[in-house]
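Undergrad: Okay, here's the prediction I keep looking at, along with the sequence it came from:
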Number of protein chains: 2
Amino acid sequence: MNTLRILLISNSTLHGRGYLDHAEQEIRKTLGNSRLVLFFPFALFDRDGYAAKAIARFAAMGCEMKSAHHATDPRKAVAEADAIFIGGGNTFRLLKALQDLEFIEPIRRCIREGAPYIGSSAGANVAGPTIKTTKDMPIVQPRSFDSLGLVPFQISPHFQDPDPNSTHMGETQEERILQFLEENETPVLGMREGAWVVAGNGSVTLGGSRGARIFRRGETPVEKTTGDEISSLVGAPE
Amino acid sequence: MNTLRILLISNSTLHGRGYLDHAEQEIRKTLGNSRLVLFFPFALFDRDGYAAKAIARFAAMGCEMKSAHHATDPRKAVAEADAIFIGGGNTFRLLKALQDLEFIEPIRRCIREGAPYIGSSAGANVAGPTIKTTKDMPIVQPRSFDSLGLVPFQISPHFQDPDPNSTHMGETQEERILQFLEENETPVLGMREGAWVVAGNGSVTLGGSRGARIFRRGETPVEKTTGDEISSLVGAPE
């Protein structure tokens, strides 16, 4: 069995810090000896600008990076990459592009074969079985909400705790996730900004800062903190 | 030409008030002499509970109400109604039910023929051409994002202004709407909680409290306050 190395980051930029700075050490660890990282800029409208920003940031970590929006042959581009990084933005726009440009199957195969996967925000959302727990606006319609399914649980990044002083009557993120569980049985990991999760073969560990909450149908949400093993999310005993 | 009477309410319950209390006068005005109101409870999971709540609230206004989830024949149920009220909850769940149960065309016809339409929150969202400006979580997948199209502009209810003191890095509602306009040309009405809009033949007027913002591609967002004519949203001069 190949070794899975999946890093899902709640947010690419923590307040007051630079792009990916708070997660740099974990990104380096996930990449290992990967030379060529393929970047997916499709969650933002300005693909060129986004790719330039990511390429510069990974160059500062000593990594060569190409952007998937320049690829003429998706299968070849993914096959040639040593690692995948999918950046944040709008999850619907991202998933629609991955579907329309036929990137879904090549990425799944590449990760199954042991290439590291790093996803931030929308890029973390699409690593789950579906995008049904995103907070993003459905600005375009993907042909399906099914996404990469690299991990068997749902991600809900940028998780915000209810504000007890709020007079706003719209649903909180927790209430929205409970609505998801009225209709679906997949467990959900709500990651606060600053948090990330590292998934390997049969193991999931919470990293970063500020922690996360696990939501399961019919159960009280469970609080998890940095360093916690949360491998029950992949069916393993904890 | 029949007279259109459409009332789209940002939120059904204003902080500190009872269900629909803040909009009661406008609801009564919109209903006019309508005797039988058909209620659509599909945005919430507990349809029976939701219908009971709405039926009691409309009874207090002297209206008879039936719930569409009890209808065996959608066309007949809509045709027999004098007015339509679609309640809030999850917009994806609501639209999927309207599509699956074949309610879309009967409702469109009924409103074109002059029956009043009242929609709150998710029920306001589905009155636009698509649900692409909802903030709700995509917990189920409707076959299409196209919705009732009773008005030619997008609704984004529960509009929240950016908080200048926030350290949260997720997109604000305004940023999300601007992302929508990167991909679509339909103007968007972001209604704050407390606000509503009344649409008739060629006219749109903002009511309630706290106002709204109009977003158009390539233009600076425009602030509107209670009583403002915003008929440019339906192509009329203001």
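TA: Looks like it came in fine.
Undergrad: wait, residue A:214 sits on residue A:189?
TA: Yes - look at residue A:214 against residue A:189 with C-beta atoms under 8 Å: they come within range, at 5.9 Å. (C-beta placed from N, C-alpha, C; glycine too.)
Undergrad: Next, residue A:49: phi, psi?
TA: The phi and psi values for residue A:49, taken as degrees, to the nearest 10, are phi -60, psi -40.
Undergrad: circling back to that earlier point, residue A:214 and residue A:189: which is more packed in?
TA: Legend: neighbour count by other C-beta atoms under 10 Å in any protein chain shown for residue A:214 and residue A:189, higher for residue A:189 (28 against 19).
Undergrad: buried residues in the helix or strand encompassing the more buried one?
TA: If you go by DSSP states H and E, residue A:189 is part of strand A:188-192. Buried residues in strand A:188-192, defined by neighbour count with 16 or more other C-beta atoms under 10 Å in any protein chain shown: A:188-192.
Undergrad: and which of these is nearest to residue A:87?
TA: Distance ranking of the buried residues of strand A:188-192 against residue A:87, using C-beta to C-beta, places residue A:191 first at 16.2 Å.
Undergrad: Quick check: that closest one touching residue A:204?
TA: No - the pair residue A:191 / residue A:204 is not scored as a contact, 11.7 Å apart, by C-beta under 8 Å.
Undergrad: Are there residues contacting both of the two? Which ones?
TA: Common neighbours of residue A:191 and residue A:204 (criterion: C-beta atoms under 8 Å, 6 or more residues apart in numbering or on different chains): residue A:197.
Undergrad: quick one on the thing from earlier: what sits in contact with each of residue A:214 and residue A:189?
TA: The contact lists of residue A:214 and residue A:189 share A:230, A:233, where a contact means C-beta under 8 Å, 6+ apart.
Undergrad: a helix runs through residue A:218, doesn't it?
TA: No - according to DSSP: H, G, I helix; E, B strand; the rest coil, residue A:218 belongs to no helix; its state is coil.
Undergrad: Just give me the neighbour total for it.
TA: 6.
Undergrad: Distance of it relative to chain B?
TA: As judged by C-beta to the nearest C-beta, to the nearest Å, residue A:218 and chain B stand 13 Å apart.
Undergrad: do the same with residue A:142
TA: Distance from residue A:142 to chain B, by C-beta to the nearest C-beta: 9 Å.
Undergrad: right, and that residue touches residue A:99 too?
TA: Yes - using C-beta under 8 Å, residue A:142 is in contact with residue A:99, at 5.5 Å.
Undergrad: Compare the two (neighbour count), which wins?
TA: It is residue A:142, of residue A:142 and residue A:99, that has more neighbours when counted by other C-beta under 10 Å, with 23 against 15.
Undergrad: residues contacting that one?
TA: Taking C-beta under 8 Å, 6+ apart, one finds A:92, A:95-96, A:99, A:131 in contact with residue A:142.
Undergrad: State the three-state secondary structure for it.
TA: Applying three-state DSSP: residue A:142 is coil.
Undergrad: Run through the helices of chain A in chain order.
TA: A:24-31, A:47-59, A:74-80, A:91-100, A:104-112, A:122-125, A:173-183 (DSSP state H).
Undergrad: Need the CA coordinates for the shortest one. PDB is fine.
TA: What it means is helix A:122-125. C-alpha atoms of helix A:122-125 as PDB (Å, rounded to 0.1, in the frame of the first residue of the first chain):
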ATOM      1  CA  ALA A 122     -11.700  25.500  -0.800                       C
ATOM      2  CA  GLY A 123      -8.900  23.100  -1.600                       C
ATOM      3  CA  ALA A 124      -9.600  21.400   1.700                       C
ATOM      4  CA  ASN A 125     -13.300  21.300   1.000                       C
END
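Undergrad: can you list contacts of that helix?
TA: Here helix A:122-125 makes contact (C-beta under 8 Å, 6+ apart) with A:8-10, A:40, A:43, A:85-91, A:94, A:119, A:131, A:133-134, A:136, A:147, A:155-157, A:191.
Undergrad: from the contacts of residue A:142, which are also near chain B?
TA: A:92, A:131 (C-beta under 8 Å from any C-beta of the partner chain).
Undergrad: List just the nearest of the contacts of residue A:142 to chain B.
TA: Among those, residue A:131 lies closest to chain B (C-beta to the nearest C-beta), at 6.6 Å.
Undergrad: The closest one is in contact with residue A:147, isn't it?
TA: Yes - contact criterion C-beta under 8 Å: residue A:131 and residue A:147 qualify, at 5.3 Å.
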